[in-house]
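> sequence below, structure please.
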Amino acid sequence: MVQEDSYHTGNNLNVGKQIADVDTPVLYVDLDALDHNIALMARRASEAQVRWRPHVKASKAPDLAKRIIAHGANGITCAKLGEAEAFVAAGVTDILIANEIVGSTKIVRLVNLAKRTDRLCVAVDDAGNISELSRAFAGAELTLDVLVDINIGANRCGVTPESAPMLAKQVLESPGLYFRGLMGYEGHAVGISDLEEKEAVSEAAANIFAEARRAVEASGIDIDIMSGGGTGNYWFNLALQTANELQAGGGVLLDRTYQEKMKVPDHRQSLFIQAQVISTAVAGRAVADMGWKGSGMHTGLPKAVSPLGVEVVSLSAEHTILALDDGVALAHGDRITMVPSYSDSTILLHRELFAVRQGIVEEVWPISAAGALQ
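Next up is the predicted model:
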């Protein structure tokens, strides 16, 4: 039987409940910690005179995006066209898709999306793709904002600084397109744990980005936006003063990877999962009702933070295996609170994100961009 308070009803009766009374497994954010992280990132960006356009590929929840925008963000960044469609459907209409949109099927969707946005921007790194976009948008009598994607060391997408002026000139001369500037993502820097090394790699990436700007401006083309930066190095990105738009967004959710591996400073853990014990049949062990279908594990296991004396030792598809310290006893129905290893690979597995303050559910946010891979 489907529960009446399921997200399918659009009338979630879990609001006002203790999070410990919501059925498990349940994914939630602590609003006090979340709001601290939002305010911190917004303030740091503002003090650096950098616009903040946070990436929402981790949260995939439009209500969270709206909360961030209300506290100082200048629109959002998406990874995929499908994500952008979900956010626009929910009323978020100032969007950068920090990716190349290629092929006739996607470009038709992009044109249709542009009709429902206040501002839509994409990245390009190929002359043929620029021509495709121009034909589609000029034909629809629309204008699409464009950033030329620069490879600043991640070796994923993007052109060299030397190639940037040619593509910028093509965008500038293409009907239906508007050249806004450059994008460069230092994905190779964000995961570095050693802070001195991270700073050095971040500076090297910023130098490549600045070189691209100089090359484009030397060709007589003005640049408005220099967009980049991830949560794992955003404080270095801001200090380097090369980018004037910050894409870092996942840090508002601070998971284990951001805190322990990426060493993001001054943030608070805000994303949690609760599961409940369903078996204590094996001595010294307990089993909870959430597996890797509820918590992504490609960067590691979730960490049990409550109760004390409990360690997550493995995940199977539907079960969390817990080791218990001497003297710790758990019973059926006991709650285990965990911090996910990585928000990006956890939130997409759920359909609701519970917003909780001091243990009480204030709101339930649909994760409407989950599964938006296209």
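> use CA for all of it now, contacts and neighbours both
Will do.
> grab the longest helix from the chain for me.
Assignment by DSSP state H gives helix 195-218 as the longest helix of the chain.
> show me how this protein divides into domains.
Using automatic domain parsing, the domain parsing of the chain gives 14-28+267-366, 31-253.
> residue 260: which of those domains is closest?
Across those, residue 260 has its closest neighbour in domain 31-253 (8.1 Å, CA to CA).
> now do that closest one: distance to the chain's middle.
12 Å (CA atoms, centre = their mean, to the nearest Å).
> end-to-end on that domain?
10 Å (CA to CA, to the nearest Å).
> what of stretch 306-314?
For stretch 306-314, the first-to-last residue distance is 17 Å (CA to CA).
> buried ones in it?
Within stretch 306-314, the residues that count as buried by 16 or more other CA atoms under 10 Å are 310-312, 314.
> contacts for the helix or strand harbouring residue 321, please.
Here residue 321 sits within strand 320-324, counting by DSSP states H and E. Contacts with strand 320-324, where a contact means CA atoms under 8 Å, 6 or more residues apart in numbering, come from 284-291, 309-315.
> listing partners with orientation, what would you give for that strand?
strand 285-288 (antiparallel), strand 310-315 (antiparallel) (DSSP bridges).
> and the contacts of strand 320-324, which is closest to residue 169?
residue 291 (50.9 Å).
> enumerate every residue touching the closest one.
With CA under 8 Å, 6+ apart, residue 291 has these contacts: 315-320.
> one more: residue 35?
Contacts of residue 35 (CA under 8 Å, 6+ apart): residue 252.
> so it lies in a strand, does it not?
No - using DSSP: H, G, I helix; E, B strand; the rest coil, the assignment for residue 35 is helix, not a strand.
> quick one: pLDDT of it?
We have a pLDDT of 98 for residue 35.
> quick one on the thing from earlier: buried residues in the strand holding residue 321?
Those would be 320-324, for strand 320-324 by 16+ other CA under 10 Å.
> ok, now stretch 156-167?
157-161, 163-165, 167.
> kindly report the same for stretch 96-107.
Buried, per 16+ other CA under 10 Å, within stretch 96-107: 96-102, 107.
> hmm, who's touching it?
Against stretch 96-107 from outside (CA under 8 Å, 6+ apart): 75-81, 84, 120-125, 129, 133, 136, 183.
> if we can go back for a sec, next helix or strand past the strand holding residue 321?
Strand 320-324 is succeeded, C-terminally, by strand 335-339 (DSSP H and E).
> and that next one, what does it pack onto?
strand 271-279, strand 303-306 (3 or more CA pairs under 8 Å, 6 or more residues apart in numbering; DSSP states H and E).
> tilt between it and strand 310-315?
Between strand 335-339 and strand 310-315, the angle comes out at 70 degrees (axes from the mean of the first three to the mean of the last three CA atoms, to 10 degrees).
> for the residue lying closest to residue 76 once chain neighbours are set aside, phi and psi?
Nearest non-adjacent residue to residue 76, counting by CA to CA, 6 or more residues apart in numbering: residue 53, 4.7 Å away. With angles defined as degrees, to the nearest 10, residue 53 sits at phi -120, psi 80.
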